[in-house]
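Asker: sequence plus the predicted model coming up.
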There are 2 protein chains.
Amino acid sequence: MAIRDERKQQTRQALMEAALAMVATGRSFPSLSLREVTRDAGVVPASFYRHFRDMDQLGLALVDETCQRLRKLIRAARTTQAPGDNMLAASVSTFLLYVNANRPAFHFLTRERYGGTKDVREAIAREIRGFTLDLAADFARFPHFNQLPRHDVEMMSTLLVNTVVSALGEMLELPADHPDAQGAIAKSLSDQLRVIVLGGLAWRPGAKVPTSV
Amino acid sequence: MAIRDERKQQTRQALMEAALAMVATGRSFPSLSLREVTRDAGVVPASFYRHFRDMDQLGLALVDETCQRLRKLIRAARTTQAPGDNMLAASVSTFLLYVNANRPAFHFLTRERYGGTKDVREAIAREIRGFTLDLAADFARFPHFNQLPRHDVEMMSTLLVNTVVSALGEMLELPADHPDAQGAIAKSLSDQLRVIVLGGLAWRPGAKVPTSV
DNA sequence: GCATCGTGTGAACACTTGTTCACTCAATGG
DNA sequence: CCATTGAGTGAACAAGTGTTCACACGATGC
């Protein structure tokens, strides 16, 4: 019962990787055709239906699997992370290593975050939110922040994550091997994160922000 | 020489609005077909070529025109903006009004920022950068910030703009008339902007941020 | 008033698309 | 060992695609 399933997963993987590779070269996922994907995967179009009902399902599977893989990696990295003064810069640099090691996956997520179908966008938003909450939990253990309302800490986590995601988008526009420009982005990103942390330290809950909306 | 050009601009506009409307309903621009657009615009496919060489050119024109329009609006709003303590919240609320009044345009820009072709992405990035520099110029006139290096002020402007853009993306996922959720986003956004400003006030240039990348 | 210009037309083209179907034939399990 | 299962095949389909062409016919400029 092994060989059969194994081969099936193999072509399933081929389909997903073909789609991922095409997105990584600049195509947008919704513009990929089923036939293109099967062609690149070295399989006849009809075989596609043995694995996915349609392209939308492929997209969802792609989100799930790439997110699952990234979550594992990030979780592993976070536990081996020694807290300290230059924690930010260190986190940034390991994050950039991830990105370069998983460019196609990040490319796909970045493009489909707003570009994909409703289901895909929601799946990605859910993943980002989950990651934000994890970060908030970590963050809420630090001196000043453990006295802030949970809501405020989440607000700042969201801000941090958004900032990282923006830098990610900027990085993916660069060619893969451009260390100078990547270094500039890294510097800018860790400066920005530092501004946010400084702001968080100066933050007092519920202070003079008129909610005039 | 008036009537002819006028009618031409009219169908050109129809083509652009048709594309914009389709993107606003959730389609991604690269997946639109030339024939679909002409059909929605009430024109035969061959007429398309009287206005654009191909769909890519339509996309670029769409970026240019929507950005131009938005820039005018924003510039007008900025000059009528009285600086003051709740400037942030006021800016946020007028910004949200813009977004709701120009949903299709913002939808298009948000989706194509990472989802479009290289040319389109670069055009949008250029626009955002231009806007960031404008904001930095404004910002550099305030007490504390006029003593920071230009580079740092731009870094913070970028951070502010990225934060607004993230909130924008979140807003566009909501249905158009959902004042409660929009209010929540507005509150969160102005809190986040406040964190950044607080961080900027606490920022000292070149202070203990190790560039270990 | 008349020749010219140019937007929009409708038909035609060669292709690609998603989906279906009956089929092969190796792995599976009793 | 032999019947069954199911991943992959290749052909066929109706429908949609981008692009081209000669043509119509009203506005334009002399």
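Answerer: Thanks, I have the structure now.
Asker: and the helices in chain A?
Answerer: Per DSSP state H, chain A carries helices over the ranges A:2-24, A:34-41, A:55-79, A:87-101, A:103-115, A:118-139, A:150-173, A:179-202.
Asker: with mean neighbour count added, can I get the ones you listed in CSV?
Answerer: (C-beta placed from N, C-alpha, C; glycine too.) CSV is the format used below for those (neighbours: other Cβ atoms under 10 Å in any protein chain shown):
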stretch, mean neighbour count
helix A:2-24, 15
helix A:34-41, 17
helix A:55-79, 16
helix A:87-101, 17
helix A:103-115, 22
helix A:118-139, 16
helix A:150-173, 20
helix A:179-202, 19
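Asker: got those as a markdown table, with distance to B:S31 and mean pLDDT columns?
Answerer: Converted to a markdown table, those look like this (distance: least, Cβ to Cβ, whole Å; pLDDT from 0 to 100):
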| stretch | distance to B:S31 | mean pLDDT |
| --- | --- | --- |
| helix A:2-24 | 13 | 95 |
| helix A:34-41 | 13 | 98 |
| helix A:55-79 | 10 | 89 |
| helix A:87-101 | 26 | 86 |
| helix A:103-115 | 9 | 95 |
| helix A:118-139 | 13 | 94 |
| helix A:150-173 | 21 | 97 |
| helix A:179-202 | 30 | 95 |
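Asker: would you turn those helices into CSV with distance to B:D180?
Answerer: Formatted as CSV, those follow (distance: least, Cβ to Cβ, whole Å):
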stretch, distance to B:D180
helix A:2-24, 35
helix A:34-41, 40
helix A:55-79, 28
helix A:87-101, 35
helix A:103-115, 23
helix A:118-139, 18
helix A:150-173, 16
helix A:179-202, 27
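Asker: quick check: residues of chain A near DNA strand C?
Answerer: A:1-5, A:33-36, A:45-46, A:48-49, A:54-55 (Cβ under 7 Å from any atom of the strand).
Asker: ok, so of these, who is nearest DNA strand D?
Answerer: Distances from DNA strand D to those, taken as Cβ to the nearest atom of the strand, are shortest for A:A46 (3.1 Å).
Asker: what sits against that closest one?
Answerer: Applying Cβ atoms under 8 Å, 6 or more residues apart in numbering or on different chains to A:A46 gives no contacts.
Asker: before we move on, back to that, who wins for proximity to DNA strand D among the helices of chain A?
Answerer: When the helices of chain A are compared (using Cβ to the nearest atom of the strand), the closest one is helix A:2-24, at 3.2 Å.
Asker: ok, that closest one near chain B or not?
Answerer: No. Applying Cβ under 8 Å from any Cβ of the partner chain, one finds helix A:2-24 out of contact with chain B, separated by at least 10.1 Å.
Asker: same question, stretch A:185-200
Answerer: Yes. Residues of stretch A:185-200 are located near chain B by Cβ under 8 Å from any Cβ, namely A:186-188, A:190-192, A:194-200.
Asker: just the residues of chain A next to DNA strand C that are near DNA strand D?
Answerer: A:4, A:45-46.
Asker: export those to a markdown table and tack on distance to A:R71?
Answerer: Listed next are these as a markdown table, based on distance: Cβ to Cβ, whole Å:
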| residue | distance to A:R71 |
| --- | --- |
| A:R4 | 30 |
| A:P45 | 33 |
| A:A46 | 34 |
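Asker: tell me the one of those residues nearest A:A136?
Answerer: Of all these, the one with the least separation from A:A136 (Cβ to Cβ) is A:R4, at 44.5 Å.
Asker: A:G42 versus that closest one, what's the distance?
Answerer: From A:R4 across to A:G42, the span is 19 Å (Cβ to Cβ, to the nearest Å).
Asker: for A:R126, same thing?
Answerer: Distance from A:R126 to A:G42, by Cβ to Cβ: 33 Å.
Asker: could you do A:R194 as well?
Answerer: Distance from A:R194 to A:G42, by Cβ to Cβ: 48 Å.
Asker: over to A:P143?
Answerer: Counting by Cβ to Cβ, the gap from A:P143 to A:G42 is 56 Å.
Asker: so between the two, which is more surrounded?
Answerer: Neighbour tally, A:P143 and A:G42, criterion other Cβ atoms under 10 Å in any protein chain shown: the higher count belongs to A:G42, 11 against 7.
Asker: got the contact list for the residue nearest to that one when sequence neighbours are not counted?
Answerer: Nearest residue to A:G42, sequence neighbours excluded (Cβ to Cβ, 6 or more residues apart in numbering or on different chains): A:A14, at 6.6 Å. Counting by Cβ under 8 Å, 6+ apart, A:A14 makes contact with A:41-43.
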